[in-house]
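J.: Next comes the sequence, and after it the predicted model I'd like to discuss.
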Amino acid sequence: MAFRTYQRLGIFRSFPFVKIIAKEAFFHSRGSCLQSQRTKNLPNVLDILGKSYPSDQLTNITPAILSKVGRDLHNTQGHPLHFIFKRIESFFHRSYVKRGNPVFSVYSNLSPVVTHEQNFDSLLVPQNHVSRSPSDTYYINSTHMLRAHTSAHQRDLIRSGLDAFLVVGDVYRRDTINSTHYPVFHQMEGVRLYSDFQLFSNVSDPSSCSLFESGKRDDSKQEQHSLETSKLLEYDLKSCLEGLMRALFGQNLEMRWVDAYFPFTHPSWELEIFHQGEWVEMLGCGVMEQRLVDSAGASSKAGWAFGLGLERLAMKLFSIPDIRLFWSTDSGFLHQFRDKHFEDEISYKAVSKYPQCTNDISFWIPDDYTSNDFYDLVRSVSGDLVEQVDLIDEFRHPKTGRVSHCYRLVYRHMEKTLTQEEVNMVHREIEVSASKQLGVEIR
């Protein structure tokens, strides 16, 4: 669901009340936003992921944000967000199996371009809700936008006949940029729907239970749901998410549930974990509003939904201190995850703020050569100046059969900027030492 989105706006920090601004104030602020925030000098037509969208008076998307569309970090092999995605997917595929097949289908390639109706109306977001303001949302034009949450696909997937699915993708919110906030981040949405037969299958007398009733809404249930429905959905949801957190953080993890408010679920909760000496909120969830389920064409079913942020999980699990690092193309960051399995334990090591210098070295190797010997030599000669070493090419001469290796060495000092001259001196020393100690022939 859009749980993380609304919390990041600060709307739900005083539970159980939701801050909704007056309609007059909203439209006044909306008009002023168009003057101050609309991107100037935009082309008449925006090309996004192979499709064209005409710009208009509501367009406020920027070239910097457009450059992030299509990066798909969550689908990028060797990226920490991909690792988190695969860990969660693995948990659901292990834990929920029917007739040998995963119960939950997974969607990670849905376009982030959605309609306003998909992003807001389908989720029962009021017309005067602050989240619709151009100061908070990236609008492509008066009909389309960059999704603010993966929940924008929820209704369409339910309409297609699905009753258990995960949606993973990049989402966009106008926000500050600091160590914990970024205008582009990644969410995972989970939805599970049940028929009365499925939900009450383990009840001793299922015929005595009913999904729906004409009752009253209170803190424990919606007016359409029976108390049994609400309580069984709550138990199933919380058991699922507690299992997920234990799979990610360990079986001895301490957790607690906090009552919450969201427009699209009731009752609603947040799950907090005790991590590194403090309580940290990890996700939001709840029993889906039946009106939402009914509008998606599944009126004979009831269900639950949850939403979580991949960055938040990755920052905690991998000790990544700054959310901006996820967008880094610096090999000093990416190298720490390259060639790893998504289940490997990884603890990020801080990368120097000073720039890299890159030099390649190529040599013919003797028969008894091993790369680990070269790595050890580099460490001995350079100390901490070499950040990483990668074998980038291996060549076998077609006539002589001799083998050549080419390595890329990345130099970076932790306390100052290295000059190319300084790097070349160290690099030359590595070449000389490799020739003498390893018997290689520099090319």
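T.: Happy to help now that I have it.

J.: Out of the helices and strands in the chain, which is least certain?
T.: One helix or strand of the chain scores below all others by mean pLDDT, DSSP states H and E: helix 23-37, with a mean of 38.

J.: Next secondary structure after that helix?
T.: Remark: after helix 23-37, the chain's next helix or strand is strand 45-48, criterion DSSP states H and E.

J.: Would you mark the buried spots in that next one?
T.: Of all the residues in strand 45-48, those buried under the rule 16 or more other C-beta atoms under 10 Å are 46, 48. Using the backbone N, CA and C atoms, a C-beta is placed for each residue, glycine as well.

J.: May I have the strands that pair with the following helix or strand past it, each with its orientation?
T.: Using DSSP H and E, the helix or strand that directly follows strand 45-48 along the chain is strand 51-54. Strands that pair with strand 51-54, judged by DSSP bridges, come out as strand 45-48 (antiparallel).

J.: tell me the mean pLDDT for the partner strand?
T.: When pLDDT is averaged along strand 45-48, the result is 95.

J.: So Glu281: helix, strand or coil?
T.: Classification of Glu281 by DSSP: H, G, I helix; E, B strand; the rest coil places it in strand.

J.: any idea how far it is from Arg256?
T.: Glu281 is 10 Å from Arg256, where distance means C-beta to C-beta, to the nearest Å.

J.: Name the residue in these two with the higher neighbour count.
T.: Comparing Glu281 with Arg256 by other C-beta atoms under 10 Å, the one with more neighbours is Glu281, at 15 against 11.

J.: residues in contact with that one?
T.: 7, 258, 270-272 (C-beta atoms under 8 Å, 6 or more residues apart in numbering).

J.: Just the terminal-to-terminal distance for stretch 410-420.
T.: With C-alpha to C-alpha, to the nearest Å as the measure, the first residue of stretch 410-420 is 12 Å from its last.

J.: Numbering from 224 from now on, please.
T.: That works, and once the first residue is 224, the last one we named lands at stretch 633-643.

J.: Show me which residues of it are buried.
T.: Within stretch 633-643, the residues that count as buried by 16+ other C-beta under 10 Å are 633-636, 641.

J.: Tell me if His650 really is in a helix.
T.: Yes - secondary structure assignment (three-state DSSP) places His650 inside a helix.

J.: where does it land on pLDDT?
T.: The pLDDT attached to His650 in the predicted structure is 97.

J.: returning to what we had before: need the residues touching each of Glu504 and Arg479.
T.: 494-495.

J.: Adding secondary structure, write the buried residues of stretch 633-643 out as a markdown table.
T.: As requested, the buried residues of stretch 633-643 are arranged in a markdown table below (three-state DSSP):
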| residue | secondary structure |
| --- | --- |
| Val633 | strand |
| Tyr634 | strand |
| Arg635 | coil |
| His636 | coil |
| Leu641 | coil |
